[in-house]
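>>> Next input, structure requested:
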Amino acid sequence: MLTQEPETIYCVIDNRVLALGIDERYRHYMTELEAVFLLPFVEVIAAKLGVKEKEVPVEGYYSEDPKLTSYFKLMRALQDVSESSLPLVEGMTEFQRVLEVVSSPIFGKPERNQTLLPQGRDPLSRALIETPIHQWTPNTLTNTAYEIAMESGDISLIGLAARLKDSILITALRETVILYAQKEIGSLGPKLEFIWRVENEFAEIANQFIEEFNNLLPKDSYLSHGIDKAEPQNAWRFYSAYADNKILGRCANLGSDRSLPTQYYHWAISRHNDQPILDDFWSNEIWPTERYKSEQQKLGWKLLRNELAKR
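A predicted model of the protein is given here:
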């Protein structure tokens, strides 16, 4: 009896798929790094400085686990500590490890701004700084971030997204860094053929990000493998990670004005006709992903900027 050749499904890995694949793998490893390895260090540092968790909206994926929530709130508190407290903790192994992580170029250029811990100034951050606030629009900021990423050689996660001039991608990855399986392919189903269409220059920058991030993972631990290199032989890994990456509803607060009450500017990912669309809006409150998703599920995924204008 003749058997019919299985259907072939072509899975194309291009720059955007690779970026979202990296993002998903990053979130997988980073949540473990933060909850298991970094949280105890942050607790020691906070105790040394007499710092308590800061009661702020829990943004990004940090609301998904109590340990991550605690880590987020403690880090937000430590980010408010003045650089003058540095002599109290700079000799601590725990502080040096946390400092190594937050100073990594995977978050952009570390900027201290007279605070104990630096924060990463990536192309989007620079675009927000260099663009007058009344010109804060997706098109303007995306184009500016693109120019900065291309000129600076930035290897941050946001830098990868900015190079693609994709505001949806930038929003998804910014939410990821807002503070910071394989299955056997059987012969019964369709054959998957992975086509690598990642540009060489983009893969090179992506691999610099991957190498820097992997260096942050504890050696001799179950996290040590890290993210695979952005190479054709790993195409299936990134496509699988890309397919698992759920970005609908991610919301990131980008900045604020100086008015009273303070207005916060957000980028979020909504949908229209089953396609992702960018929802940029101002609000007098910070909207973490959890709140944005909840509200959108009630509204039926409308642009929140329009809904807020009616209130």
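>>> any idea which residue sits dead centre in this structure?
The geometric centre of the chain, computed from its C-alpha atoms, lies nearest to Thr176 (CA atoms, centre = their mean), at 2.3 Å.
>>> Go ahead and confirm it touches Ile22.
No - using CB atoms under 8 Å, Thr176 is not in contact with Ile22, being 9.8 Å away. Quick note: C-beta positions are derived from backbone N, CA and C, even for glycine.
>>> overlap in contacts of these two?
Leu157 (CB atoms under 8 Å, 6 or more residues apart in numbering).
>>> now the residue nearest to the centre of the chain: how far from Asp228?
Relative to Asp228, Thr176 is positioned 18 Å away (CB to CB, to the nearest Å).
>>> what does Ile205 give?
When distances are taken as CB to CB, Ile205 and Asp228 turn out to be 16 Å apart.
>>> cool, and Gly300?
Counting by CB to CB, the separation of Gly300 from Asp228 is 39 Å.
>>> Equivalent analysis for Ser256, please.
If you measure Ser256 against Asp228 using CB to CB, the figure is 38 Å.
>>> which of the two has more neighbours?
Residue environment comparison for Ser256 versus Asp228 gives the larger neighbour count to Asp228, 19 against 15, counting by other CB atoms under 10 Å.
>>> Hmm, Tyr239 and that one touching each other?
No - the pair formed by Asp228 and Tyr239 falls short of the contact definition of CB under 8 Å, at 11.9 Å.
>>> low-scoring pLDDT stretches of this structure, where are they?
Within the chain, the stretches falling below the threshold (pLDDT under 70) are 1-3, 181-190, 222.
>>> Got the domain ranges for it?
Listed domain ranges for the chain are 1-246, 248-311 (source: automatic domain parsing).
>>> how about the strands in the chain?
With DSSP state E, the ranges of strands along the chain come out as 8-13, 109-111, 119-121, 191-196, 251-256, 264-272, 275-283.
>>> Packing partners of the fifth one?
In this case it means strand 251-256. Contact here means 3 or more CB pairs under 8 Å, 6 or more residues apart in numbering; DSSP states H and E; on that basis strand 251-256 packs against helix 123-130, helix 167-176, strand 264-272, helix 289-299.
>>> closest to Ser224 out of the ones you listed?
Closest to Ser224 of the helices and strands packed on strand 251-256, according to CB to CB: helix 167-176, at 21.1 Å.
>>> Output the contacting helices and strands for the closest one.
helix 15-32, helix 138-152, helix 157-163, strand 251-256, strand 264-272, strand 275-283.
>>> what's the most buried one of these?
helix 157-163 (a mean of 29; mean count of other CB atoms under 10 Å).
>>> got the contact list for it?
Applying CB under 8 Å, 6+ apart, the external contacts of helix 157-163 come out as 15, 19, 22-23, 26, 106-108, 122-125, 142, 145-146, 148-150, 152, 154, 169-170, 172-174, 176-177, 202, 205-206, 209.
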